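Q: take a look and give me a structure for this.
(one chain, ligands or ions: 1)
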Amino acid sequence: MARLALLPGPGTGPEDGPVLDLGPAAPPSVHLPDVRDRARAAFLGLALGDALGATVEFMTPAEIRSAHGIHRELTGGGWLRLRPGQVTDDTELSLAMARAIDAAGGWSLLGVAEAFAAWLKGRPTDVGATCRAGIRRYLIEGTLQGRPGAWDAGNGAAMRVLPVALLTLGDDEGLWRLAVAQARITHHHPLSDAACVLVGRLVQQACLGRSLRHLRAGAEAAGREVPHFRFEPYRGLATGYVADTLQTVLHHLFTTRDFEGCLTAVVNQGGDADTTGAIAGAIAGAYYGPEGLPARWLRRLDRALVAELTRLADRLVALSPLAARVSDGAGGPPPVAGGAAAP
Ligand SMILES: [Mg+2]
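A: Below you'll find the model as predicted:
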């Protein structure tokens, strides 16, 4: 049987590539300012989904209906008693990784682990159990990867994959390597690895202006390789198990027509709603672009956070192999592997 493209085989490392084939890395012509706009919208979209979903985290759809009707505003509250627009670990860990890349001027797995450790020491509002255990292991043992764990198939690594998706734009193999490397600081499970690669790839394709049909074809191809990721017929589960998380994100991404509709549908499934919201927000943000982000939602986010997410999105795109190959506005040939994102 052929080796699954999304799932690394036993004993194989990230260096073994290759990955899910969603077609060429970039359309024939890439307009870098448009990619930057979409990257910004992806990062803001992640924060919006996190803030929207956190209000209804751990609720069932029926509980949400009875408490909110349809939950569609950034009201804060929830079990974490958040301020309106306040974000949680999903955004904070993505931010920590992006800051570490920014500080290093490129990829540094050690820098990322250190940033996660500093974040945990800062007593964050919320920490998933697997993330906490993995960061503690790093602090105690200094290891950048734990042993494979049967309980590591949570969504905590996939929720923070956005920065490496932007950093490796134009480098398919680099995305695979970095998505998995960052994941294994806290999560070491083939489903988590595969989910990180798939989410990263969908964000990249959306940033490059690919159609929703193209994204769907890639997600369906992933479902043929990894049956856990099949999202139709949708089972309605939105737990922190990464397969449930991805099914929720993908089902609603492909059955809605705008950013607000997608995120509203996703978080009203309840469950791990801040994380399903964050992942959907990153992909849908990139796909629909800045114009798709509801202004009334953006106004609720902290202004300093918006400024930093925007700056870091620009920085990550600027560090990517794509930026090195495509001059502003000129388009260019499809990029090839390698370049600035190599660790
Ligand atoms: Mg969270």
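
Q: report how many residues lie close to residue 29.
A: Other residues within reach of residue 29, judged by other Cβ atoms under 10 Å, total 12. No exception for glycine: its C-beta is placed from N, CA and C like everyone else's.

Q: what does the one 5 residues further on give?
A: Counted with other Cβ under 10 Å, the neighbours of residue 34 add up to 14.

Q: can you check residue 114 too?
A: Residue 114, neighbours per other Cβ under 10 Å, totals 16.

Q: equivalent analysis for the one 3 residues further on, please.
A: Residue neighbour count, defined by other Cβ under 10 Å, stands at 16 for residue 117.

Q: in this protein, which helix has the most residues?
A: helix 32-54 (DSSP state H).

Q: in that helix, what's buried?
A: 32, 35-54 (16 or more other Cβ atoms under 10 Å).

Q: what helix or strand is the residue in the stretch 201-343 of the chain that the ion sits nearest to located in?
A: Going by Cβ to the ion, the ion is nearest to residue 274 of the stretch 201-343 of the chain, at 3.9 Å. Element membership for residue 274 (DSSP states H and E) is helix 273-288.

Q: ok, residue 307 next?
A: helix 303-319.

Q: following the longest helix of the chain, which helix or strand comes up?
A: helix 61-68.

Q: distance check, the residue nearest to residue 65 when sequence neighbours are not counted against residue 34.
A: Counting by Cβ to Cβ, 6 or more residues apart in numbering, residue 65 lies nearest to residue 268, which is 8.0 Å off, once chain neighbours are set aside. Using Cβ to Cβ, to the nearest Å, residue 268 is found at 31 Å from residue 34.

Q: ok, back up a step: give me the distance between the helix holding residue 274 and the centre of its chain.
A: 7 Å (Cα atoms, centre = their mean, to the nearest Å).

Q: what pLDDT, on average, does that helix get?
A: The average pLDDT within helix 273-288 is 98.

Q: could you point out which element follows it?
A: Next along from helix 273-288, by DSSP H and E: helix 295-298.

Q: what's that next one in contact with?
A: Under the contact criterion Cβ atoms under 8 Å, 6 or more residues apart in numbering, helix 295-298 has outside partners 44, 48, 51-52, 73-74, 260, 306.

Q: now do 10 Å
A: 44-45, 47-49, 51-52, 72-74, 85, 259-260, 263, 281, 290, 306 (Cβ atoms under 10 Å, 6 or more residues apart in numbering).

Q: still on that earlier bit, could you give the mean pLDDT of the longest helix of the chain?
A: According to the model, helix 32-54 has a mean pLDDT of 98.

Q: for it, packing partners?
A: Under the contact definition 3 or more Cβ pairs under 10 Å, 6 or more residues apart in numbering; DSSP states H and E, helix 32-54 sits against helix 89-104, helix 162-167, helix 190-207, helix 259-267, helix 273-288, helix 295-298, helix 303-319, helix 321-325.

Q: mean pLDDT lowest where, among those?
A: Of all the helices and strands packed on helix 32-54, helix 321-325 has the smallest average pLDDT, which comes to a mean of 94.

Q: by contact count, what packs against that helix?
A: helix 32-54, helix 162-167, helix 303-319.

Q: residue 66: which of these is closest?
A: helix 32-54 (17.7 Å; Cβ to Cβ).

Q: the helix holding residue 274 versus helix 190-207: what angle between them?
A: 30 degrees (axes from the mean of the first three to the mean of the last three Cα atoms, to 10 degrees).

Q: now for helix 273-288, which elements pack on it?
A: helix 32-54, helix 89-104, helix 162-167, helix 190-207, helix 212-225, helix 242-253, helix 259-267.

Q: okay, those helices in TSV with distance to residue 146 next?
A: As requested, the helices and strands packed on helix 273-288 are exported to TSV (distance: least, Cβ to Cβ, whole Å):
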stretch	distance to residue 146
helix 32-54	25
helix 89-104	16
helix 162-167	19
helix 190-207	11
helix 212-225	25
helix 242-253	16
helix 259-267	29
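
Q: need the three-state assignment for the residue in the stretch 101-250 of the chain that the ion sits nearest to.
A: With Cβ to the ion as the measure, residue 126 is the residue of the stretch 101-250 of the chain nearest to the ion, at 5.1 Å. Here residue 126 takes the coil state, with states given by DSSP: H, G, I helix; E, B strand; the rest coil.

Q: for it, what are its contacts?
A: 54, 57, 79-80, 82, 88-90, 92, 274.

Q: near the ion, which residues of the chain? Just list them.
A: 88-90, 274 (Cβ under 5 Å from the ion).

Q: just to revisit the earlier point, enumerate every residue touching the residue nearest to residue 65.
A: Contacts of residue 268 by Cβ under 10 Å, 6+ apart are 52-53, 56, 59, 61, 64-65, 68-72, 238, 252, 277.

Q: those residues, buried ones only, as a ChimeraX selection?
A: Selecting only the buried entries of these in ChimeraX, with 16+ other Cβ under 10 Å as the criterion:
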select :52,53,56,59,64,68,71,72,238,252,277
